[in-house]
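1. Return atomic coordinates for the entry below.
(one chain, ligands or ions: 2)
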Amino acid sequence: MNDCLFCKIIAGEIPSAKVYEDDKLLAFKDINPQAPVHILIIPKAHYDSVNALDEASAPIVGDIMLVAKRLAEEFHLGSGYRIITNIGEDGGQTVKHLHFHLLGGVKLSEKMC
Ligand code: AMP
Ligand code: ZN
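-> Ligands and ions are numbered 1, 2, ... in the order given. As a prediction, this is how the structure comes out:
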């Protein structure tokens, strides 16, 4: 966990372009945006991915969805947006701290993969 990039961002050891924060969650702009709006929403508690969630921790995903909805409104994504979480190597996950991508601001590809 000490080596986790996103835990370092949460701790303020690495800077980020923060767009939302509460006691459980942090959201910041992706450093390599794939769309005009590309925000990462992460729990402050470290979970490697969805695979690390259990019944006790899974409600954090609902909290993340509500923040995604709120940010979509704030960033004027009324015409639509996409929420993605990558899991594991084949899923394209490069940072092993649970995170959800909020993408929008353009008509997104119909292709999912
Ligand atoms: P994933 O490939 O799903 O694991 O997503 C990791 C995301 O983190 C990528 O979209 C990266 O561009 C993004 N990323 C990596 N380092 C940083 C950073 N320091 N600040 C913001 N976003 C980052
Ligand atoms: Zn972490």
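
2. what's the average pLDDT for the longest strand that the chain contains?
-> Using DSSP state E to define each element, the chain has its longest strand at strand 37-43. Strand 37-43 comes out with an average pLDDT of 99.

3. Quick check: phi and psi on Ile84?
-> Main-chain torsions, Ile84, degrees, to the nearest 10: phi -130, psi 140.

4. rewinding a little: and the next helix or strand past the longest strand of the chain?
-> helix 59-74 (DSSP states H and E).

5. In that following helix, which residues are buried?
-> 60, 64, 67-68, 71-72 (16 or more other C-beta atoms under 10 Å). Just so you know, the C-beta spots here come from the backbone N, C-alpha and C atoms, and that holds for glycine as well.

6. swap in stretch 42-61?
-> For stretch 42-61, the neighbour count (16+ other C-beta under 10 Å) marks 42-43, 46-50, 53, 60 as buried.

7. quick revisit: kindly indicate which of the buried residues of helix 59-74 lies nearest ligand 2.
-> Nearest to ligand 2, judged by C-beta to the ion, of those is Ile60 at 13.2 Å.

8. Could you find the closest non-adjacent residue to the closest one?
-> Pro43 (4.8 Å; C-beta to C-beta, 6 or more residues apart in numbering).
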